[in-house]
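Asks: Kindly generate the corresponding structure for this input.
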Amino acid sequence: METKDYKDKIRKLLALAESPSEHEAKAALLKARQLMAEHKLRPEDIEPAKNKKLINREIDVTCTKQKGAWKTPLSATIAEAYCCKAYRRHKYRARTYRIGFIGLEDDFDICERIFKYAVDCVESKAAEIRRRHKDVYTPQYIEKLVDAYAVGFNSGVSSAFERQKEQHQEWGLVLVTPKEVQEEWDALGKASKLKDFDLASLDKMQYAMEGERDGREFKPGTRLTAGMEA
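Replies: Prediction:
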């Protein structure tokens, strides 16, 4: 399978659900990682790292410390799983941060696509949470519920990646952050390094019952299987 073919498979995989559901998102993230590992495990497809271009670029996903801050830890989780490193950056005195990734060209492309899909899935659920509680809670408290769900989702997906790694220990040889990617990230200023989300203000019930549950459960359905066979 050539690189463009396997990237097309991932693109189709992420397009399965017109309206992203949490379980399909989880299945898609894990299946995409499986494809990436299998591709790199094929000796005829492996290219020397020195022949691959290093990409360090901000993407069109933004957040602030007050709104959408969950995107930064989610970007770090996705980046680590797809051989990249994540960071955030903002202009002087600006409140808006832009998410960026560092990775080899093919890895960067996949990482960006996977991250945007994950963000779409969380934001789809966020819209549902806002509709569900708009006549019950204040807008400020509803946003705390959204943040809690998002952090829980990230925690669940991270656990799923770890479980997948344990089940496929042979992937450890190929799904690693390349040295040049790590060095580029290490050279970033301290302000760009991603920090963990502060859980102190989050609603723990929402975090545990919805976010982490949806992130941890892995139930790939027939649509996923059919889509991959196309």
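Asks: give me the number of residues near I142?
Replies: The tally of other residues near I142 (other CB atoms under 10 Å) stands at 18. C-betas here are computed from N, CA, C, even on glycine.
Asks: Now it: closest residue in space, sequence neighbours ignored.
Replies: Using CB to CB, 6 or more residues apart in numbering and skipping the chain neighbours, the partner closest in space to I142 is H133 (5.1 Å).
Asks: what's the neighbour count on that neighbour?
Replies: 16.
Asks: In contact with it, which residues are there?
Replies: 141-142, 145 (CB atoms under 8 Å, 6 or more residues apart in numbering).
Asks: Could you identify the longest strand within this structure?
Replies: Counting by DSSP state E, the longest strand found in the chain is strand 54-63.
Asks: returning to what we had before: Q169: which of the contacts of H133 is nearest?
Replies: L145 (37.7 Å; CB to CB).
Asks: what's the helix or strand for the closest one?
Replies: In the assignment (DSSP states H and E), L145 maps to helix 139-167.
Asks: May I see the buried residues of that helix?
Replies: Within helix 139-167, the residues scored as buried using 16 or more other CB atoms under 10 Å are 142-143, 145-158, 160-161, 164.
Asks: out of the contacts of H133, who's nearest A79?
Replies: Of those, the one sitting nearest to A79 (CB to CB) turns out to be L145, at 26.2 Å.
Asks: Roughly how far does the closest one sit from C121?
Replies: Counting by CB to CB, to the nearest Å, the gap from L145 to C121 is 16 Å.
Asks: quick one: low-confidence parts of the protein?
Replies: 1-4, 15-23, 42-51, 190-191, 193-210, 213, 215-230 (pLDDT under 70).
Asks: coming back round to it: just the CA trace of the longest strand of the chain, in CSV.
Replies: Taking C-alpha atoms only, strand 54-63 is exported to CSV below (Å, rounded to 0.1, in the frame of the first residue of the first chain):
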residue,chain,number,x,y,z
LEU,A,54,10.2,17.9,9.0
ILE,A,55,7.0,20.1,9.4
ASN,A,56,6.6,22.6,12.1
ARG,A,57,3.3,24.4,11.5
GLU,A,58,0.4,25.9,13.3
ILE,A,59,-3.0,24.7,12.1
ASP,A,60,-6.4,26.4,11.9
VAL,A,61,-7.6,25.3,15.4
THR,A,62,-7.6,28.0,18.1
CYS,A,63,-8.6,28.3,21.8
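Asks: Strand partners (parallel or antiparallel) of it?
Replies: strand 97-104 (antiparallel) (DSSP bridges).
Asks: Can I get the strand it pairs with in PDB? Just the C-alpha atoms.
Replies: Extracted C-alpha coordinates of strand 97-104, given in PDB (Å, rounded to 0.1, in the frame of the first residue of the first chain):
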ATOM      1  CA  TYR A  97      -3.800  30.500  21.000                       C
ATOM      2  CA  ARG A  98      -3.200  28.500  17.800                       C
ATOM      3  CA  ILE A  99      -2.500  24.800  18.000                       C
ATOM      4  CA  GLY A 100       0.600  23.600  16.200                       C
ATOM      5  CA  PHE A 101       2.300  20.300  15.500                       C
ATOM      6  CA  ILE A 102       5.800  19.100  14.700                       C
ATOM      7  CA  GLY A 103       6.300  15.900  12.700                       C
ATOM      8  CA  LEU A 104       7.700  14.300   9.600                       C
END
